[in-house]
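S.K.: Requesting a structural model of the entry that follows:
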Amino acid sequence: MAKATVKTTRRKFMRRTVQLSTALAVPAIFPRGILGKNSPNERVLIGHVGLGGMGTGHLNFFKDYAGALCDVYEPHLKRAAGIIGRPVPVYKDFRALLDQQDLDGVLLATPDHWHGVMTVMCCEAGKDVYVQKPACNTIEEGRAMVNAAKRWGRIVQVGSQGRSTPDAFFSAQYIQNDQIGRVKHVECWHYPNPVQKPSESEPDSPPPSDLDWDLWVGPNRWVPYNKKRVHFNFRWMLDFGGGQIRDRGAHVFSCAFFIMQSDFTGPKSVEATGRPPERGLWDCPTDMEIRYEFENPDWTMTWSQPGPKELQELGGFGARYHGDKGELIVRGGDGGTYTEEKAKNFTPPPGGIIPYKSPGHEQDWIDCIRSRKQPIMHIESGVRVATLCVLGNISYRLGRKLNWDPIAERVIGDEEANRLLANPTRAPWRI
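M.R.: Reported below is the predicted structural model:
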């Protein structure tokens, strides 16, 4: 696949600074010697794009590193500025943030459909990137992100933080040291997608004055504003979010690939079925079953919404690893990841396998910005995980099994499916 580039006129755009207050509407407020790369304490300066739920949550860790804030929704900007508690540059348009020369990295916590374009543009601008999961919305976007990180030598961490938890480390150590034998099946479960009730329907309407709706839609096909499309709800539409398989599936699959040492591979086939919702704006399937087949080594991964009753009773989501000598259950997969006591109490023998142990997902990214080493959830692994989610939804939409070539990243013998590996984008956004 050819190297992807972004056709952008970013520097031709004027900065659009949101005037939240006189104190906030100031130029760069950190002297380079205080927080920049050359500072004695080696701190880095981070710009934050997307300041909703997860974007605000990241400020708890990055508060001292925050050097700029950006969101198309003014209330999010105001809330984030209050959390920072000191004057920082604020923007509505992320292209203006990329022109801020003292930023070392950019944290992207936008809706999924923006991840690809923004990551590529950040790399082109010389910024390292932390992009929320799932890494990409399409296969084409994912490969463009990997190529951009390589071309411009950027450190890109994908925000599937589950593999940075202690229990993911213990699980990987336990399984990789053959404590349950050869794993033949990874059985993932999750509760169903939400369904809109008739009483929850909302008509399309003009967007509120404090939201730049055109910039929110960005590279996606144009749709009118609707209260049920924005903020957290974007997850429940196939074009924008893709449902639980893309939201939490990206967490569960990330842990599975870490445990199974499968970061640079992909399935040979994907087959999905699902029950579509009966009504409403949200079009993700309520229930869903997906089967992924891998080879060299041969193993199977399944995704079930809602999954077997005995697994549902353990909690909302997770995975059960079936080996030829035993089993291991890993609940959760995001920041709340929990394994069994036998894995936590296991000590590898001399010469045993010790997986990479993250100091914490955000800290791992900061450390790798300094060292220029690859983080625990580098962009290639993030894209490979997101590919599972994307292919599952394509198989569901087409109603048939897909035979996948993970090297060429093409569906074998199915051009209709291959046309769904990329989405048309609105100008001026191109990958």
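S.K.: going forward, measure contacts and count neighbours with C-alpha atoms only.
M.R.: Will do.
S.K.: Would you map the helices across the stretch 201-350 of the chain?
M.R.: 213-217, 244-247, 249-260, 309-312, 341-344 (DSSP state H, counting those that start in this stretch).
S.K.: Rounded mean pLDDT for the last one, please.
M.R.: With pLDDT averaged residue by residue, helix 341-344 scores 98.
S.K.: what's whatever helix or strand comes next after that helix in contact with?
M.R.: Following helix 341-344 in sequence order, the next helix or strand is helix 361-371 (DSSP states H and E). Helix 361-371 is contacted by residues 42, 44, 61, 128, 130, 155-157, 159, 161, 164, 358, 374-376 when judged by C-alpha atoms under 8 Å, 6 or more residues apart in numbering.
S.K.: Show me which pair in those residues is furthest apart.
M.R.: With C-alpha to C-alpha as the measure, no two of these lie farther apart than 42 and 161, at 23.5 Å.
S.K.: Which one of the two is surrounded by more residues?
M.R.: A count of neighbours by other C-alpha atoms under 10 Å puts residue 161 above the other of residue 42 and residue 161, at 25 against 15.
S.K.: from what I can see the more buried one touches residue 336, true?
M.R.: No - checked against C-alpha atoms under 8 Å, the pair residue 161 and residue 336 is beyond contact range at 9.1 Å.
S.K.: tell me what the helix or strand containing residue 141 is packed against?
M.R.: Under the criterion of DSSP H and E, residue 141 resides in helix 139-151. Helix 139-151 sits against helix 115-124, helix 379-398, with contacts defined as 3 or more C-alpha pairs under 8 Å, 6 or more residues apart in numbering; DSSP states H and E.
S.K.: Apply 10 Å and report the result again.
M.R.: helix 115-124, strand 156-158, helix 379-398 (3 or more C-alpha pairs under 10 Å, 6 or more residues apart in numbering; DSSP states H and E).
S.K.: Quick check: which of those is buried the most?
M.R.: strand 156-158 (a mean of 30; mean count of other C-alpha atoms under 10 Å).
S.K.: if we can go back for a sec, common neighbours of residue 161 and residue 336, please.
M.R.: Jointly contacting residue 161 and residue 336 under the rule C-alpha atoms under 10 Å, 6 or more residues apart in numbering are residue 168.
S.K.: How far does the helix holding residue 141 sit from its chain's centre?
M.R.: The chain centroid and the centroid of helix 139-151 are separated by 14 Å, computed with C-alpha atoms, centre = their mean, to the nearest Å.
S.K.: what angle sits between it and helix 379-398?
M.R.: 170 degrees (axes from the mean of the first three to the mean of the last three C-alpha atoms, to 10 degrees).
S.K.: Report the inter-axis angle for helix 139-151 versus helix 115-124.
M.R.: 10 degrees.
S.K.: Helix 139-151: which residues count as buried?
M.R.: Buried positions in helix 139-151, judged by neighbour count with 16 or more other C-alpha atoms under 10 Å: 139, 140, 141, 142, 143, 144, 145, 146, 147, 148, 149.
S.K.: again, but for stretch 44-54
M.R.: For stretch 44-54, the buried set under the neighbour-count rule, 16+ other C-alpha under 10 Å, comprises 44, 45, 46, 47, 48, 49, 50, 51, 52.
S.K.: what does the average pLDDT come to for that stretch?
M.R.: Mean pLDDT, computed over stretch 44-54, is 95.
S.K.: first to last residue in that stretch, what's the distance?
M.R.: 21 Å (C-alpha to C-alpha, to the nearest Å).
S.K.: same check, this time on stretch 274-281
M.R.: Terminal residues of stretch 274-281 lie 17 Å apart, using C-alpha to C-alpha.
S.K.: Who are the contact partners of residue 386?
M.R.: When contacts are counted by C-alpha under 10 Å, 6+ apart, residue 386 touches 133-139, 142, 245-247, 249-251, 253-254, 380, 392.
S.K.: Next, work out how far apart it and residue 242 are.
M.R.: 11 Å.
S.K.: repeat for residue 200
M.R.: From residue 200 to residue 242 the distance is 20 Å (C-alpha to C-alpha).
S.K.: what about these two, which has more around it?
M.R.: Neighbour totals were compared for residue 200 and residue 242, and residue 242 leads with 25 against 9 (other C-alpha under 10 Å).
S.K.: surely that one meets residue 236?
M.R.: Yes - Residue 242 is within contact range of residue 236, at 6.0 Å (criterion: C-alpha atoms under 10 Å).
S.K.: which neighbours do the two share?
M.R.: In contact with both residue 242 and residue 236: 193, 282, 283, 284, 285, using C-alpha under 10 Å, 6+ apart.
S.K.: tell me the secondary structure for the first one?
M.R.: The three-state label for residue 193, taken from DSSP: H, G, I helix; E, B strand; the rest coil, comes out as coil.
S.K.: That one - how many residues pack around it?
M.R.: 21.
S.K.: Chain neighbours aside, what residue packs nearest to it?
M.R.: Nearest residue to residue 193, sequence neighbours excluded (C-alpha to C-alpha, 6 or more residues apart in numbering): residue 286, at 4.8 Å.
S.K.: wait, isn't that neighbour in contact with residue 279?
M.R.: No - taking contacts as C-alpha under 10 Å, residue 286 lies outside contact range of residue 279: 11.1 Å.
S.K.: Counting neighbours, go ahead and name the busier of those two.
M.R.: It is residue 286, of residue 286 and residue 279, that has more neighbours when counted by other C-alpha under 10 Å, with 21 against 12.
S.K.: what sits against that one?
M.R.: Contacts of residue 286 by C-alpha under 10 Å, 6+ apart are 191-195, 236, 243-244, 274-278, 305-306.
S.K.: Just name the closest of those residues to residue 414, please.
M.R.: residue 274 (20.5 Å).
S.K.: contacting residues around that closest one?
M.R.: Taking C-alpha under 10 Å, 6+ apart as the definition, contacts of residue 274 comprise 284-290, 304-305, 393, 395-397, 399.
S.K.: would you turn those residues into TSV with pLDDT?
M.R.: Output for the contacts of residue 274, formatted as TSV (pLDDT from 0 to 100):
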residue	pLDDT
284	94
285	94
286	93
287	95
288	97
289	98
290	98
304	97
305	95
393	97
395	98
396	97
397	96
399	97
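S.K.: and the residues you listed as TSV, adding distance to residue 296?
M.R.: Below are these laid out as TSV (distance: C-alpha to C-alpha, whole Å):
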residue	distance to residue 296
284	32
285	32
286	33
287	30
288	27
289	24
290	20
304	24
305	28
393	25
395	23
396	26
397	28
399	27
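S.K.: what's the closest of these to residue 349?
M.R.: residue 304 (35.3 Å).
S.K.: What distance do you get for residue 426 to residue 121?
M.R.: Following C-alpha to C-alpha, the distance that separates residue 426 from residue 121 is 16 Å.
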